[in-house]
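Novice: fold the following and give me the result.
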Amino acid sequence: MFHTFGDLIQKASELVSGDTQINKFSTLADPFEKIEKDVVIIDESLVKKKEEEQKKNDFEAERGSSVKGFLSAGNESCEKLSLMKVATLVENCAKSGATTLELRGKLVDQMEWLPVSIGKLSEVTEIDLSENRIMALPTTIEGLKALTKLDLHSNQLINLPNSFGELISLTHLDLHANQLKSLPASFGNLINLIDLDLSSNVFTHLPEIIGNLSSLKILNVETNKLEELPYTIGNCSSLSVLKLDFNELKAFPEAIGKLEMLEVLTLHYNRVKRLPSTMGNLCNLKELDVSFNELELVPENLCFAVNLKKLNLANNFTDLRALPKSIGNLEMLEELDISDDQIRALPESFRFLSKLRVFRADETPLEVPPKEVVKLGAQEVVQYMADFVTKSDAKILPSKKKKKKGFWFWFCSIFCPQQIQ
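Specialist: Below you'll find the model as predicted:
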């Protein structure tokens, strides 16, 4: 309870009056105790002491490189901040030269905008505003020239201001779990971007300017409504991880073959029927997941991606009926899943997959090899195929010799009948 100065004077006068009794004094002991706690102190020396302590605390809060420590000085991590408090926090952060602003889940639910003063944080390199309810960013965000990492996941962002493209130092950007449908034209200016997460939004397409992001290594656009990829995706020459799962893709651009640094490509739960033949150019590809699609054919050229270690072709159901004949060329392959496909026989080159350690063919009507062999493990399947080919060759070879002898007998019987006799 905070006492006014008039209340304090009245209570003090009662204490010094002649008719003050001991019991009245005892009843006032507690109020005086509260008065001291409320930082309203009559003694001038004590007031100065309190002011010095407060200045010291403020200084310690401002000199830290992270605002997280400043927040915990209040009510630990449970306190929700209003727009006014965030504005004050931003001002303190700007004055202190702090480099990190941590506001994950810190904003009150009613706060859907950020203060325009956030543009003053010219020295901040990392900001975490995730798990709030922010709907829009101020145009003044362009002032964050030193920002390298920005986390805005799990908000309610509908779009980004065109000034967002001024964040040219940005290397890591997390925008997943928002309501974004498009990116501003200026987004192509973020040429230093390395890691971009756009998953769990409502994109139906990616803009062509995505091809400007030549430094991009990780692109996650899972769980959107993408129907196609721009041809310019091939210009993202540094891309090593591309996640396209849970979209509505029906086709894949041939330009994907230009991503020679690509190591991981996942696109399960789409509607892809064919893979581009240029995928054979992906010499560094280690993992490919095309499960739960409508895949009808795996191109032979894919078998030139000789560093492939994990290949998931499962759950293409009635569409996929054969593996590429040259699959044995994938000598580094360790895991292969063809479950719930319509493949009845493995190609003869399967016997060359000496490093295969996981092979799944659940609910696939395999006849060669039989199911009991598949249950024994991947290398048993490889060995079976080797034996199968050897036996097949042994059967074919005598018939070839027999046909060869029959031909010469026929030839000689016509042109050299004397020798036959």
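Novice: for Gly211, give its distance to Glu227.
Specialist: Distance check for Gly211 against Glu227: by C-beta to C-beta, to the nearest Å, it reads 18 Å. C-betas here are computed from N, CA, C, even on glycine.
Novice: and for Gly188?
Specialist: Distance from Gly188 to Glu227, counting by C-beta to C-beta: 21 Å.
Novice: ok, those two, which is more surrounded?
Specialist: Counting neighbours by other C-beta atoms under 10 Å for Gly188 and for Glu227 shows that Gly188 has the greater number, 18 against 15.
Novice: ok so that one is a strand residue?
Specialist: No. Using DSSP: H, G, I helix; E, B strand; the rest coil, the assignment for Gly188 is helix, not a strand.
Novice: show me what the helix or strand hosting Asn92 is packed up against.
Specialist: For Asn92, the host element (DSSP states H and E) is helix 83-96. Contacts defined by 3 or more C-beta pairs under 8 Å, 6 or more residues apart in numbering; DSSP states H and E place helix 83-96 against helix 44-63, helix 67-72.
Novice: ok, then the element right after that helix?
Specialist: Tracing the chain past helix 83-96, the next element assigned as helix or strand by DSSP H and E is strand 100-102.
Novice: let me know the average pLDDT across the helix or strand that comes right after that next one.
Specialist: Sequence order places strand 126-128 as the next helix or strand after strand 100-102, per DSSP H and E. The average pLDDT for strand 126-128 rounds to 98.
Novice: now find how far off-centre strand 126-128 is within its chain.
Specialist: Distance of strand 126-128 from its chain centroid, counting by C-alpha atoms, centre = their mean, to the nearest Å, is 17 Å.
Novice: from here on, count from 30
Specialist: That works, and once the first residue is 30, the last one we named lands at strand 155-157.
Novice: that one packs against which elements?
Specialist: If you count contacts as 3+ C-beta pairs under 8 Å, 6+ apart, strand 155-157 packs onto strand 129-131, strand 178-180.
Novice: to Phe321, which of the ones you listed lies closest?
Specialist: Phe321 sits nearest to strand 178-180 of all the helices and strands packed on strand 155-157, at 29.8 Å, using C-beta to C-beta.
Novice: ok, of the helices and strands packed on strand 155-157, where does mean pLDDT dip lowest?
Specialist: strand 129-131 (a mean of 96).
Novice: tell me the buried residues in it?
Specialist: Burial within strand 129-131, assessed by neighbour count using 16 or more other C-beta atoms under 10 Å, is assigned to 129-131.
Novice: what do you get for stretch 322-335?
Specialist: Buried residues in stretch 322-335, counting neighbours by 16+ other C-beta under 10 Å, are found at 322, 324, 327, 330-334.
Novice: cool, stretch 387-395 as well?
Specialist: For stretch 387-395, a neighbour-count test (16+ other C-beta under 10 Å) marks 388-390, 393, 395 as buried.
Novice: poorly predicted segments of the stretch 30-179 of the chain, please.
Specialist: Judged by pLDDT under 70, the stretch 30-179 of the chain has its weakly predicted residues at 30-107.
Novice: all strands of the stretch 180-329 of the chain, in order?
Specialist: For the stretch 180-329 of the chain, the strands defined by DSSP state E, counting those that start in this stretch cover 201-203, 224-226, 247-249, 270-272, 293-295, 316-318.
Novice: tabulate these (JSON lines), appending distance to Glu155.
Specialist: Converted to JSON lines, the strands of the stretch 180-329 of the chain look like this (distance: least, C-beta to C-beta, whole Å):
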{"stretch": "strand 201-203", "distance to Glu155": "9"}
{"stretch": "strand 224-226", "distance to Glu155": "13"}
{"stretch": "strand 247-249", "distance to Glu155": "18"}
{"stretch": "strand 270-272", "distance to Glu155": "22"}
{"stretch": "strand 293-295", "distance to Glu155": "26"}
{"stretch": "strand 316-318", "distance to Glu155": "30"}
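Novice: look up how far Asp203 lies from Asp157.
Specialist: Relative to Asp203, and taking C-beta to C-beta, Asp157 is found at 9 Å.
Novice: overlap in contacts of those two?
Specialist: Residues touching both Asp157 and Asp203 (C-beta atoms under 8 Å, 6 or more residues apart in numbering) are Asp180.
Novice: name the residues of stretch 161-174 that are buried.
Specialist: For stretch 161-174, burial by neighbour count (16+ other C-beta under 10 Å) applies to 161, 163, 166-167, 169-173.
Novice: please apply the same query to stretch 346-362.
Specialist: Judged by neighbour count (16+ other C-beta under 10 Å), stretch 346-362 contains these buried residues: 349, 351-353, 356-359, 362.
Novice: ditto for stretch 412-421
Specialist: Buried, per 16+ other C-beta under 10 Å, within stretch 412-421: 413-414, 417.
Novice: output that stretch as CSV - backbone C-alpha positions only.
Specialist: The C-alpha coordinates for stretch 412-421 follow below in CSV (Å, rounded to 0.1, in the frame of the first residue of the first chain):
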residue,chain,number,x,y,z
GLN,A,412,22.9,-61.7,-51.4
TYR,A,413,19.7,-63.3,-52.7
MET,A,414,19.8,-61.0,-55.7
ALA,A,415,23.4,-61.9,-56.3
ASP,A,416,22.6,-65.6,-56.2
PHE,A,417,19.5,-65.1,-58.3
VAL,A,418,21.4,-63.4,-61.1
THR,A,419,24.1,-66.1,-61.0
LYS,A,420,21.5,-68.9,-61.3
SER,A,421,19.8,-67.0,-64.1
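Novice: and that stretch, average pLDDT?
Specialist: Over the span of stretch 412-421, the pLDDT mean works out to 93.
Novice: stretch 285-300 too?
Specialist: Averaged over stretch 285-300, pLDDT sits at 97.
Novice: nothing else from me, thank you.
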